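Novice: Here is my input, please return the structure:
(one chain, ligands or ions: 1)
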Amino acid sequence: MLRSSEKRVIIETKKDLESPSNINVKIIIRSSFLIIVPRFSYRRATMPVERVGVSFEPELLNKFDMLIKKRGYTNRSEAIRDLIRKEIIESGIKEEESEVIGTLTIIYDHDIGNVTDKLLHLQHHHHEEIIFTTHIHIDDRTCLEIVVIRGQSSRVKKFAENVKALKGVEHGQLVVTKTLF
Ligand code: NI
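Specialist: Residues are numbered from 1 along each chain as shown. This next block holds a predicted model:
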């Protein structure tokens, strides 16, 4: 309980991603005294980091700096980490056995070659992998469908290929990703 002469202000400072913890600072103004009490919390588990040195040719570094500035990065470390994560994920997606999650977006004409039935049949065949499907009627015969699918990389790709090969499907785009670890 606060006395009428006390004022309590909680300030939360977030250290950067490499920090071991968050630090809350509790400031208690009691009469003429100012008390600052640091309160350490470990709500967010963070991984320890290792520092590595990388050498660049000046021209390459200059190009890299221009690119990351355009993309909105404020430091090189985060840009380099993102590039490494992208490579690891893309390499993982290529492995046929790996678990991926993605979306297949298709545009099709529902008046052509029983495409609606065939599409439904294919989706039922992959019912264990399909998480949900959204259907939007674009005009009197064109449909947009978004399928969220999770499963073995090879099966997800196979499903997308089979859907795109259906007569009536005008365009299909599969976008997949996976967790890093
Ligand atoms: Ni429709």
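
Novice: For residue 173, give its distance to the ion.
Specialist: 18 Å (CB to the ion, to the nearest Å). Quick note: C-beta positions are derived from backbone N, CA and C, even for glycine.

Novice: Residue 157 against residue 172, yeah?
Specialist: No - Residue 157 is beyond contact range of residue 172, at 11.7 Å (criterion: CB atoms under 8 Å).

Novice: and the helix or strand containing residue 105, what does it pack onto?
Specialist: Element membership of residue 105, judged by DSSP states H and E, is strand 99-109. Under the contact criterion of 3 or more CB pairs under 8 Å, 6 or more residues apart in numbering; DSSP states H and E, strand 99-109 touches helix 115-125, strand 142-152, helix 153-164, strand 169-177.

Novice: Out of these, which gets nearest to residue 108?
Specialist: strand 169-177 (4.4 Å; CB to CB).

Novice: re earlier: okay if I get the helices and strands packed on strand 99-109 as JSON lines plus mean pLDDT and mean neighbour count?
Specialist: As requested, those are exported to JSON lines (pLDDT from 0 to 100; neighbours: other CB atoms under 10 Å):
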{"stretch": "helix 115-125", "mean pLDDT": "96", "mean neighbour count": "15"}
{"stretch": "strand 142-152", "mean pLDDT": "97", "mean neighbour count": "17"}
{"stretch": "helix 153-164", "mean pLDDT": "96", "mean neighbour count": "18"}
{"stretch": "strand 169-177", "mean pLDDT": "97", "mean neighbour count": "15"}
